[in-house]
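Novice: got a structure for you, letters missing:
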Ligand code: NDP
């Protein structure tokens with residue numbers, strides 16, 4: 001393999017190199033794509049230990065949770081299994097006025113795509129979109145986050161050892177590297193990160209009229225009705241919130257609890273946290289650390305909101321923030337202003353479900369919404385009266401792992417979606433084709449028009 005290009009001055013020539021590779025048609029055949037997906041799978045399997053060690057170095061992540069990164073393999077397996085079906089033209093019904101003809105939709109690759117990722121799931125959020133880019137027949141440039149440097153290096157080494165840079169390559173670097181990449185013309189930009197940078201990405205893409213997928217964040221609410229299994233709900237919420245120390249885009253951001261069960265629920269939540277991490281989570285091998293000092297400082301400033309009923313301890317030297325639950329929080333508290341993205345869980349209450357829904361609808365549309373209730377009617381009410389990227393009823397986070405469910409935001413939480421076939425679709429253009437024959441050529445649509453032709457067009461369109 002040719003050495004990986006890493007200098008940002010090489011960006012325009014790397015893109016040109018990939019344009020030539022794409023233009024030569026190398027990526028078009030299904031056999032080529034299948035071979036590259038198989039290579040990617042093997043490369044990930046071979047580097048499991050490196051990936052685990054890298055996310056441990058970057059985020060203090062326990063080995064069990066490091067395997068969430070490697071779950072990309074299930075996306076690869078699905079793409080390998082389904083690629084022939086996904087790439088097949090899909091026949092659609094043609095129209096009477098076109099008789100005789102056939103019509104179909106034919107997926108085609110977009111060209112050279114850019115994938116920019118964040119630091120919180122720094123391997124998976126590079127690889128999962130890449131699976132779709134490869135499956136759809138594109139060339140790709142990847143830009144991992146500088147804030148997870150160990151993982152960025154694993155990504156870079158893996159790609160360099162597996163593919164030639166004319167096909168897929170990585171540019172490690174900081175936000176400046178992203179800016180240099182964004183100044184160039186791509187055929188699609190797939191961005192995962194915060195809403196603020198999402199705006200910058202979209203503005204840069206607009207200059208070249210490049211389509212974007214924006215996988216953004218936001219405050220994902222978790223509504224807790226009184227009609228639940230308290231133990232199960234508490235465990236599932238504590239799990240979804242505190243994996244990766246809350247640095248998960250779809251972590252429950254805040255709780256909205258039916259006021260009649262608040263005390264009982266918070267007691268269960270407290271015991272779930274103690275059960276998971278012990279009474280001193282700093283000693284637990286199963287609890288991650290905050291990515292960097294900037295995020296640590298941002299999060300510790302939020303600990304002043306409300307009353308701490310669990311956690312609250314911090315250690316700047318290890319960037320540790322205990323799993324924390326805050327009670328007596330109001331909508332005006334600092335912790336309710338922006339996405340928390342850390343192990344701090346504020347609890348608010350509601351008196352009626354209508355009120356809870358109104359509060360959620362008064363804020364930007366979230367990436368995920370969680371509702372815990374056995375009540376089918378209330379489930380339907382939440383589903384029909386709120387809008388969010390996705391919903392998980394009676395659990396948290398796990399909807400992201402269902403490959404048949406497209407994953408993405410709505411409104412400020414993002415645009416476009418991926419996972420499973422949706423990733424293939426995101427990186428494909430679905431070309432419409434109409435095919436006519438030379439059997440005959442009816443005269444009715446050609447000038448000079450007359451009364452009979454007018455009658456025919458009226459019959460055709462006014463019905
Ligand atoms: P950022 O938006 O800060 O960064 C995302 C990427 O953009 C990084 O690669 C970063 O580079 C790059 N970047 C930073 N500044 C600029 C700039 N001025 N111009 C161009 N690119 C830039 O997000 P975080 O990495 O902090 O990730 C956290 C956010 O991501 C949260 O809001 C979270 O909800 C969201 N997220 C969304 C997910 C989803 O699937 N919807 C999944 C995971 C996270 P560098 O890091 O090297 O500076």
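Specialist: That came through fine. Keep in mind the model is a prediction, meaning the values are calculated, not measured.
Novice: how far is stretch 84-98 from where the chain is centred?
Specialist: 30 Å (C-alpha atoms, centre = their mean, to the nearest Å).
Novice: gap between the two ends of it?
Specialist: 29 Å (C-alpha to C-alpha, to the nearest Å).
Novice: And for stretch 209-220?
Specialist: Termini of stretch 209-220 sit 31 Å apart (C-alpha to C-alpha).
Novice: List the contacts of the residue nearest the centre of the chain.
Specialist: In the chain, the centroid-proximal residue (C-alpha atoms, centre = their mean) is residue 215; its distance is 4.7 Å. Residues near residue 215 by C-beta atoms under 8 Å, 6 or more residues apart in numbering: 125, 190-193, 249, 407-409, 414, 416, 418. From N, CA and C alone the C-beta is placed, and that goes for glycine too.
Novice: Count the residues that sit near the nearest residue to residue 213 once chain neighbours are set aside.
Specialist: Spatial nearest neighbour of residue 213, excluding adjacent residues (C-beta to C-beta, 6 or more residues apart in numbering): residue 416 at 3.4 Å. Residue 416 has 19 neighbours, counted by other C-beta atoms under 10 Å.
Novice: How about residue 30?
Specialist: 14.
Novice: go on, the one 5 residues further on?
Specialist: Neighbouring residues of residue 35 were enumerated by other C-beta under 10 Å; the total is 12.
Novice: cool, residue 285 as well?
Specialist: Neighbour number of residue 285 under other C-beta under 10 Å is 9.
Novice: Which residue is the nearest non-sequential neighbour of it?
Specialist: residue 62 (5.9 Å).
Novice: what's near enough to touch that neighbour?
Specialist: Applying C-beta under 8 Å, 6+ apart, the residues contacting residue 62 are 56, 285-288.
Novice: sorry, back to before: and the gap between the residue nearest to residue 213 and residue 170?
Specialist: 22 Å (C-beta to C-beta, to the nearest Å).
Novice: can you give me the offset of whichever helix or strand residue 346 is part of from its chain's centre?
Specialist: Under the criterion of DSSP states H and E, residue 346 resides in strand 344-350. For strand 344-350, the distance from its own C-alpha centre to the chain's C-alpha centre is 25 Å (C-alpha atoms, centre = their mean).
Novice: Show me what it is packed against.
Specialist: Applying 3 or more C-beta pairs under 8 Å, 6 or more residues apart in numbering; DSSP states H and E, we find strand 344-350 packed against strand 254-258, helix 262-277, strand 324-327.
Novice: May I have the strands that pair with the shortest one, each with its orientation?
Specialist: This points to strand 324-327. strand 307-310 (antiparallel), strand 344-350 (parallel) (DSSP bridges).
Novice: So which of these is the most surrounded?
Specialist: Most buried of the strands paired with strand 324-327, by mean neighbour count (mean count of other C-beta atoms under 10 Å): strand 344-350, with a mean of 23.
Novice: and the next element down the chain from that strand?
Specialist: helix 353-361.
Novice: angle of that next one against strand 254-258?
Specialist: With axes from the mean of the first three to the mean of the last three C-alpha atoms, to 10 degrees as the basis, helix 353-361 and strand 254-258 are set at 170 degrees to each other.
Novice: Of the contacts of residue 215, which are in range of the ligand?
Specialist: 125, 192-193, 249, 409, 414 (C-beta under 6 Å from any ligand atom).
Novice: Max pairwise distance over those residues: which two?
Specialist: Farthest pair in those (C-beta to C-beta) is 125 and 409. Separation: 14.0 Å.
Novice: Quick check, the residue in this structure closest to the ligand?
Specialist: Going by C-beta to the nearest ligand atom, the ligand is nearest to residue 217 of the chain, at 2.0 Å.
Novice: for that residue, what are its contacts?
Specialist: Contacts of residue 217 by C-beta under 8 Å, 6+ apart are 193-195, 249, 339, 341, 367, 413.
Novice: If we use 7 Å, what do you get?
Specialist: Contact analysis of residue 217 by C-beta atoms under 7 Å, 6 or more residues apart in numbering lists 194-195, 249, 339, 341, 367, 413.
Novice: just residue 149 next, same as before
Specialist: residue 58.
Novice: quick one on the thing from earlier: looking at the ones next to the ligand among the contacts of residue 215, which are in helices?
Specialist: residue 125 (DSSP state H).
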